[in-house]
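S.K.: build me a structure from this.
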Amino acid sequence: MNRQHRAFTLVELLLGAFLASVLGMIMLTWGGEFLRVFNRSSVWLLAHERGQRVLAFFETKVLHTGLGLSACRGEEACWRAFAQKAGPPVLRPLTVYQEKNYQEKKLGLMDPAEEKNGVFSGTALALLYGRPSGLVVKRTGGSPVNPGGGVEFSLLSDDTAADIAEAGFQVGYMKNLTNWCALPLAGMPFYIDSASGRRLFLSLASTVNAPVDIPPVNELYLLRYEQFRIVNEKLYFRRLEAAWSPYYPREEGVLALWVEWRPGIRVLDLWVLTTGGPAPLGGSVRPSEWPEGAPWHNDFTQHTLCVSRASWRLENV
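M.R.: Numbering: from 1, shown residues only. Below you'll find the predicted structure:
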């Protein structure tokens with residue numbers, strides 16, 4: 001009887017060990033799969049976050065494109081307002097570019113995109129946008145102002161020169177964009193001739209086609225002209241002042257941009273292709289959300305990909 005009991009116990013032990021090993025193998029398999037799913041999710045979430053940050057970076061600039069320049073819409077009117085001749089560098093409220101050397105992933109030549117069926121499409125973008133400065137001025141000179149003429153203002157604060165500099169403006173250098181301001185109620189840019197005490201003198205470019213009416217009270221708007229492109233999986237931007245600044249990196253893990261501008265309905269669509277890291281399980285396929293005409297490289301398949309998109313209606317262009 002004791003022998004039978006000992007044999008039965010040994011069988012139980014062997015069966016228990018077998019079941020424990022099977023259960024351990026199942027748990028290891030499930031644990032490995034869980035880790036793979038978790039890693040895939042984490043990498044995709046990083047790609048998604050990068051795309052959302054890029055869209056947020058663009059949004060205010062896009063929505064403020066042409067802000068304060070309502071009286072000089074159109075390419076010719078815009079460059080005349082800034083005393084520019086036709087030909088580069090010409091300020092436009094919005095320019096879409098096609099890059100000639102995009103496949104080489106380096107800073108190459110960019111040409112303004114040509115319109116096809118009412119759409120300008122490309123891989124890079126430049127925006128001329130306005131920002132409120134917080135400085136309010138009262139007109140003391142006459143109105144309207146003729147092309148090449150000027151008007152005097154008094155600043156509604158204590159120290160014009162200090163406030164002008166602190167707000168980001170420069171004085172007395174017409175070829176520097178930071179020397180210009182927009183008067184949104186007039187809808188035109190003016191350059192700052194001089195600032196002394198509470199007095200401010202603004203001038204209108206001589207190339208403007210017609211006199212401009214100046215309302216009694218205005219806020220000065222800062223003007224910025226910036227260009228955006230992708231190089232070596234990073235979003236870069238640069239700013240035009242007296243000359244173009246160097247390119248500065250803004251966001252890593254950005255593989256490509258695709259821009260479509262429809263001036264007939266004033267709608268700008270922007271797609272961003274981002275990566276969160278290497279693709280697991282042998283690679284990715286081209287996302288269905290990525291536009292057909294947008295750039296695509298075979299090595300994109302080595303990344304975990306996310307496509308982010310935004311669409312804006314530009315009221316000031």
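S.K.: quick one: residue 79 is in a strand?
M.R.: No: counting by DSSP: H, G, I helix; E, B strand; the rest coil, residue 79 is located in no strand; its state is helix.
S.K.: contacting residues around the residue most central in space within the chain?
M.R.: Most central in the chain under C-alpha atoms, centre = their mean is residue 58, positioned 3.0 Å from the mean C-alpha point. By C-beta atoms under 8 Å, 6 or more residues apart in numbering, the contact list for residue 58 reads 228, 270, 310. Just so you know, the C-beta spots here come from the backbone N, C-alpha and C atoms, and that holds for glycine as well.
S.K.: pLDDT wise, what is the last one at?
M.R.: Residue 310 is assigned a pLDDT of 98 by the prediction.
S.K.: now do residue 170
M.R.: 87.
S.K.: now the residue nearest to the centre of the chain: which helix or strand?
M.R.: Taking DSSP states H and E as the criterion, residue 58 maps to helix 2-63.
S.K.: you'd agree residue 166 is in a helix?
M.R.: Yes: secondary structure of residue 166 (three-state DSSP): part of a helix.
S.K.: separation between it and residue 160?
M.R.: 11 Å (C-beta to C-beta, to the nearest Å).
S.K.: more neighbours, the two?
M.R.: residue 160 (21 against 12; other C-beta atoms under 10 Å).
S.K.: please name the nearest non-neighbouring residue to that one.
M.R.: Leaving aside its sequence neighbours, residue 160 sits nearest to residue 195 (C-beta to C-beta, 6 or more residues apart in numbering; 4.6 Å).
S.K.: which residue is the nearest non-sequential neighbour of residue 215?
M.R.: Residue nearest to residue 215 in three dimensions, not counting chain neighbours: residue 185, with 4.3 Å by C-beta to C-beta, 6+ apart.
S.K.: I meant residue 153, not that one.
M.R.: residue 137 is the one closest to residue 153 (C-beta to C-beta, 6+ apart), at 3.9 Å.
S.K.: the one you found is in contact with residue 156, isn't it?
M.R.: Yes: under the criterion of C-beta atoms under 8 Å, residue 137 makes contact with residue 156 at 6.8 Å.
S.K.: what is the neighbour count of residue 74?
M.R.: Quick note: residue 74 (other C-beta under 10 Å) scores 12 neighbours.
S.K.: quick one: least confident helix or strand in this protein?
M.R.: helix 2-63 (a mean of 71; mean pLDDT, DSSP states H and E).
S.K.: where exactly do the helices run in the stretch 101-250 of the chain?
M.R.: Using DSSP state H, counting those that start in this stretch, the helices of the stretch 101-250 of the chain run over 160-167.
S.K.: so residue 132 bridges to which residues?
M.R.: residue 221 (DSSP bridges).
S.K.: any idea how far it is from residue 54?
M.R.: Distance from residue 132 to residue 54, by C-beta to C-beta: 24 Å.
S.K.: hmm, back to that, who has more neighbours, residue 137 and residue 156?
M.R.: Remark: of residue 137 and residue 156, residue 137 carries more neighbours, 24 against 13, as counted by other C-beta under 10 Å.
S.K.: now the closest residue to residue 256 other than its chain neighbours: phi and psi?
M.R.: Of all residues not flanking residue 256 in the chain, residue 273 sits nearest, at 4.4 Å (C-beta to C-beta, 6+ apart). Dihedral pair for residue 273: phi -100, psi 120, per degrees, to the nearest 10.
S.K.: do residue 288 as well
M.R.: Torsion angles, degrees, to the nearest 10, at residue 288: phi -70, psi -20.
S.K.: and the nearest residue to residue 315 once chain neighbours are set aside, how close does it get to residue 138?
M.R.: Using C-beta to C-beta, 6+ apart and skipping the chain neighbours, the partner closest in space to residue 315 is residue 266 (7.2 Å). Distance from residue 266 to residue 138, counting by C-beta to C-beta: 33 Å.
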